[in-house]
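Q: what follows is a protein structure lacking sequence information:
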């Protein structure tokens with residue numbers, strides 16, 4: 001689940017590239033950049049969400065390489081710096097992993113309430129979450145209103161082949177029982 005109305009942060013990335021030379025074949029990046037006469041620069045643009053927060057739920061499976069407790073500990077004490085896309089975009093809030101039981105809808109509602117309470121004590125107001133969330137597989141309490149297909153599962157890195165996965169999209173709160181704050 002993602003927060004409503006995030007802002008965008010734009011980031012530019014400059015890369016040196018040689019001008020196109022017909023019939024030239026380079027066997028390494030070093031060889032490609034070896035002639036200073038042919039070098040030019042290109043600028044790529046990337047946009048990142050800012051002033052946003054996400055609530056992510058992970059369910060355990062029988063063949064999972066790590067337990068939920070290990071994931072929680074890894075998120076609380078990361079080995080590497082956490083950032084979004086590039087090191088110039090660090091996380092604005094600390095991660096706050098919770099271990100909850102129940103169906104997906106109840107766990108999301110419970111987590112949302114706990115996060116609201118926790119950040120209220122810190123005098124940090126969290127924006128409301130979008131009504132929609134995204135998930136894989138079947139989960140009690142979540143009903144898909146859209147089914148999205150993504151071709152992003154790596155099958156063969158050498159041949160750059162990717163397999164398909166299905167992502168469900170739908171409301172995370174039922175209309176009958178909204179998750180409300182005590183305020």
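A: Received the coordinates, thanks. As the structure is a computational prediction, the values presented were derived from the model and not from experiment. Numbering: from 1, shown residues only.
Q: show me where pLDDT drops low in the protein?
A: 174-183 (pLDDT under 70).
Q: buried stuff in the longest helix seen in it?
A: Counting residues, the longest helix found in the chain (DSSP state H) is helix 104-121. For helix 104-121, a neighbour-count test (16 or more other CB atoms under 10 Å) marks 104, 105, 107, 108, 109, 111, 112, 115, 116 as buried. Quick note: C-beta positions are derived from backbone N, CA and C, even for glycine.
Q: residue contacts, residue 115?
A: Neighbouring residues of residue 115 by CB atoms under 8 Å, 6 or more residues apart in numbering: 55, 96, 126.
Q: also residue 155?
A: With CB under 8 Å, 6+ apart, residue 155 has these contacts: 161, 162, 163.
Q: dump these to TSV, plus secondary structure.
A: Shown next, in TSV, are these (DSSP: H, G, I helix; E, B strand; the rest coil):
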residue	secondary structure
161	strand
162	strand
163	strand
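Q: so which of these is the most crowded?
A: Among the contacts of residue 155, the one with the most neighbours (other CB atoms under 10 Å) is residue 162, at 14 neighbours.
Q: quick one, strands of the chain?
A: 7-18, 39-50, 132-135, 146-156, 161-171 (DSSP state E).
Q: let me know which of these is the nearest to residue 68.
A: Comparing the strands of the chain by their distance to residue 68 (CB to CB), the top pick is strand 132-135, with 16.5 Å.
Q: and the closest one, what does it pack against?
A: strand 161-171 (3 or more CB pairs under 8 Å, 6 or more residues apart in numbering; DSSP states H and E).
Q: quickly run through the sheet partners of the strand it packs on, with directions.
A: Applying DSSP bridges to the sheet, strand 161-171 is found paired with strand 132-135 (antiparallel), strand 146-156 (antiparallel).
Q: in it, which residues are buried?
A: Neighbour counts over strand 161-171 (16+ other CB under 10 Å) mark 168, 171 as buried.
Q: which residues outside it are in contact with it?
A: Residues from elsewhere that reach strand 161-171, judged by CB under 8 Å, 6+ apart: 131-136, 142-155.
Q: so who does the residue lying closest to residue 49 once chain neighbours are set aside touch?
A: Leaving aside its chain neighbours, residue 49 sits nearest to residue 6 (4.4 Å; criterion: CB to CB, 6 or more residues apart in numbering). Listed by CB under 8 Å, 6+ apart, the contact set of residue 6 reads 49, 50, 51, 52, 127.
Q: just the buried members of these?
A: Members of the contacts of residue 6 classed as buried by 16+ other CB under 10 Å are 49, 52.
Q: show the contacting residues for residue 135.
A: Residues near residue 135 by CB under 8 Å, 6+ apart: 57, 104, 142, 167, 168.
Q: bridged to the last one, which residues?
A: Going back to what we said before, that points to residue 168. Assessed by DSSP bridges, residue 168 has beta-bridge partners residue 135, residue 147.
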